[in-house]
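**Student:** Sequence plus the predicted model coming up.
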Amino acid sequence: MGVELNLTSKSRYALKIMLDLAHHDHLPHVPRKDIARRQRIPQDYLDQIMIRLRRGNIVESIRGRSGGYRLAKPAKDITVWELFEAVEGNLEPVQCIPVGQSCDLDVGCLSQPAWKLIFSKMKQSLEGLTIGDLVGEKLYEFPEFVTGVSECRAPVSSASL
């Protein structure tokens, strides 16, 4: 079953995490608590997201007392599609898009070809946009970026997970 086009908080926080790691890629690794503090992400939620990012081979973890995280490959080689797919799983906007899936209205469905084209264009666009592009675009005008990236939404509480 696909996820609606409205990405979840996992994707929003994963993007913040990745921008933070890319911004600090000059360090051997970034401590977990520093990412959580700068990005205002509860540490247990950050851990859940990091598990998905590690499984997607997007980040690496460094164990131990002075451990942390780093990008598994250069930011220019990590696409936004790859990031969202790692944390969300299946991104198809409707159930009839994946191969082998269908519904009772398949025959003569006017919207299925449209959804396939929309999904294809969305995927193509996000596959062409990298974390390196986002960091390189200098989207952040304020010196506060040095300490992290903020988001306009309130942080997720551990209770809402």
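**Tutor:** Done, it's in. Since the structure is predicted, the reported quantities are computational estimates derived from the model, not experimental observations. Numbers count the residues shown, from 1 in each chain.

**Student:** what packs against the helix ranked longest in the chain?
**Tutor:** Longest helix of the chain, by residue count under DSSP state H: helix 111-127. On a contact count with 3 or more C-beta pairs under 8 Å, 6 or more residues apart in numbering; DSSP states H and E, helix 111-127 meets helix 80-88. Glycine gets a C-beta too; all of them are placed from N, C-alpha and C.

**Student:** Looks like residue 10 contacts residue 51 (just checking).
**Tutor:** No. Contact status for residue 10 versus residue 51: not in contact, 10.8 Å apart, counting by C-beta atoms under 8 Å.

**Student:** can you pull out the strands in the chain?
**Tutor:** 59-62, 68-71 (DSSP state E).

**Student:** Looking at those, which one is packed in the most?
**Tutor:** Burial of these is given as mean neighbour count (mean count of other C-beta atoms under 10 Å); strand 68-71 ranks first at a mean of 20.

**Student:** send the alpha carbons of it over as PDB?
**Tutor:** These are the backbone C-alpha positions of strand 68-71, laid out as PDB (Å, rounded to 0.1, in the frame of the first residue of the first chain):
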ATOM      1  CA  GLY A  68      28.000   9.400  16.300                       C
ATOM      2  CA  TYR A  69      26.900   9.500  12.700                       C
ATOM      3  CA  ARG A  70      28.300  10.500   9.300                       C
ATOM      4  CA  LEU A  71      27.100  10.400   5.800                       C
END
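
**Student:** got a list of contacts for it?
**Tutor:** By C-beta atoms under 8 Å, 6 or more residues apart in numbering, the surrounding residues in contact with strand 68-71 are 18, 21-22, 25, 27-32, 34-35, 50, 58-62, 78, 131.

**Student:** Please pull out the lowest mean pLDDT helix or strand from the protein.
**Tutor:** Ranked by mean pLDDT, DSSP states H and E, the weakest helix or strand in the chain is helix 111-127, scoring a mean of 84.

**Student:** now it against helix 80-88, angle please.
**Tutor:** Interaxial angle, helix 111-127 versus helix 80-88 (axes from the mean of the first three to the mean of the last three C-alpha atoms, to 10 degrees): 110 degrees.

**Student:** Just the buried positions in helix 111-127, please.
**Tutor:** Neighbour-count burial for helix 111-127 flags 112, 115, 119, 123, 126 (criterion: 16 or more other C-beta atoms under 10 Å).
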